[in-house]
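Student: Below is the sequence, then the predicted model.
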Amino acid sequence: MVSGLLAVGVTTSIFIILSAVLLVAEKYLADYGECVISINEGASVLEQKGGSSLLSALIDNRVFIPSACGGKGSCGFCKVEVQSGGGPVLPTETPFLTRKEIKLGVRLACQVKVKQNLKIAIPESLLSVKEYDAKVGFERYLTHDIKEVSFDLIEPSEIEQQPGQYIQIRAPGPDGSIFRAYSISSPSYEKNKVQLMVRLIPGGIASTYIHSLNTGDKVMFTGPYGEFMLSEEESTDIVCVGGGAGMAPISSIIHYIYSRWENRKCYLFFGCRTTKDVFYLEEFKKLKKSFPNLKIIYALSDPIEEGEKWDGETGFIHLSVDKHLESGKKCQAFLCGPPSMIEAVTDVLGEKGLKPEDIFYDKF
């Protein structure tokens, strides 16, 4: 028995040593020379010394694509279409790719190694993503666990963003910097700042970092990301449904709408657990005085405590959507909140006649 265990231990040790030797050899001995990365049929052409990951090569050349895990292959965000030169799909990628994506050549950029010339395709909007240096200009708590933080831009000093887009903020982690995505809550016409609403997640590296920031602290982020899909037809009603920090993109969308169309109808459905979780209600009531077609419905899911004053709705927010939204109306819906809320609201909207392509959501 002892000799058998010893043999297994020796074999395992040899395997580990050989693996380490191969990794070191590849790092220091393999010379792939200069490689050319052609993006979107030559719209952008990069030259990069071979050996790094495609994700690192893109970042080195200031082409930023979504990546929350810092290139560790654990988030699945850094998807690009590799048209040639990427080699076979790796086992580390398959959990994040559908069969259709694999057939189309979609890969995780952090898992593709630059060993030869590459041709790739990425959404055109990503070519305009930038890296921003900023400082905290304002911060306050909206609830006990949701913090609103406004970043004043330093370099570049302006940002072009659309409601519903997001940034990736860099936060220090135990194994180096990480990036996490957060929706922009400030309206798009405010060019010199970016505002976020961040819920503190116990043990969350990025949310803990953001909640620790104070006025004047320096930060770095990349963005904006996400393709804007708000209908330009004023006759199309907008339905916004959210909860908690899901208010961020909703606030941006609503302020954008009423900077463009003063008579457009927009529904705001916002779910909270208790009165302590209610925020922005008074701000939206003031906005409604100027734009009466803004319909505001807040609902509390927990029972009202004795002595509390509440004249709004009660129950889960999807019940309020079912109660107040008319069937058969031409609508576009934007949902942001927990998966259970998204699923319940999506079912209600389907019963009201909305098609899947008219419903956009962000689960968190």
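Tutor: Cool, the structure landed.
Student: now the strands for the stretch 201-350 of the chain?
Tutor: In the stretch 201-350 of the chain, the strands defined using DSSP state E, counting those that start in this stretch lie at 218-225, 237-243, 266-272, 294-300, 313-314, 331-337.
Student: pLDDT below threshold where in the stretch 251-364 of the chain?
Tutor: 363-364 (pLDDT under 70).
Student: show me where it has helices.
Tutor: Here the stretch 251-364 of the chain has its helices, by DSSP state H, counting those that start in this stretch, at 281-290, 317-324, 339-351.
Student: Tell me how far the longest one lies from the chain's centre.
Tutor: Computed by C-alpha atoms, centre = their mean, to the nearest Å, the chain-centroid distance of helix 339-351 equals 20 Å.
Student: List the contacts of that helix.
Tutor: Identification of contacts with helix 339-351 by C-beta atoms under 8 Å, 6 or more residues apart in numbering yields 239, 241, 243, 269, 271, 316-318, 321-322, 325, 327, 331, 333, 335, 356, 359, 361, 363. C-beta: built from backbone N, CA, C; applies to glycine.
Student: the inter-axis angle of the longest strand along the chain versus strand 218-225?
Tutor: As assigned by DSSP state E, the longest strand anywhere in the chain is strand 130-141. With axes from the mean of the first three to the mean of the last three C-alpha atoms, to 10 degrees defining the directions, strand 130-141 sits at 110 degrees from strand 218-225.
Student: mean confidence for strand 130-141?
Tutor: Summarised as a single mean, pLDDT over strand 130-141 is 97.
Student: Contacts made by it with the rest, please.
Tutor: 62, 64, 147-156, 159, 167, 193-194, 213-223.
Student: rerun at 6 Å
Tutor: The list of residues contacting strand 130-141 from outside it, by C-beta atoms under 6 Å, 6 or more residues apart in numbering, reads 147-155, 213, 215-222.
Student: Please identify the pairing partners of that strand and their relative orientation?
Tutor: Next to strand 130-141 in the sheet, as set by DSSP bridges, lie strand 146-155 (antiparallel), strand 218-225 (antiparallel).
Student: And those strands: which comes nearest Leu281?
Tutor: Of all these, strand 146-155 sits nearest to Leu281, with 14.0 Å by C-beta to C-beta.
Student: which other residues reach that closest one?
Tutor: If you take C-beta under 6 Å, 6+ apart as the criterion, strand 146-155 is touched by 132-135, 137-142, 192-199, 211, 219, 245.
Student: and if you look at stretch 50-59?
Tutor: Tyr32, Gly33, Cys35, Gln48, Gly71, Cys78, Ala109, Cys110, Val112, Val114, Lys115.
Student: Now intersect these with the strands, please.
Tutor: Using DSSP E, the contacts of stretch 50-59 in strands are Cys35, Gln48.
Student: Dump the contacts of stretch 50-59 to CSV, plus neighbour count and distance to Ile102.
Tutor: Below are those laid out as CSV (neighbours: other C-beta atoms under 10 Å; distance: C-beta to C-beta, whole Å):
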residue, neighbour count, distance to Ile102
Tyr32, 14, 25
Gly33, 9, 29
Cys35, 20, 23
Gln48, 19, 25
Gly71, 21, 20
Cys78, 24, 15
Ala109, 25, 15
Cys110, 25, 16
Val112, 23, 13
Val114, 24, 20
Lys115, 16, 20
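Student: on that earlier part again, highest average neighbour count across the helices of the stretch 251-364 of the chain?
Tutor: When the helices of the stretch 251-364 of the chain are scored by mean count of other C-beta atoms under 10 Å, the highest mean neighbour count falls to helix 317-324 (a mean of 20).
Student: Beta-bridge partners for the closest residue to Tyr182 other than its chain neighbours, please?
Tutor: Using C-beta to C-beta, 6 or more residues apart in numbering and skipping the chain neighbours, the partner closest in space to Tyr182 is Leu196 (4.7 Å). Beta bridges link Leu196 to Val149, judged by DSSP bridges.
Student: No more questions from me, cheers.
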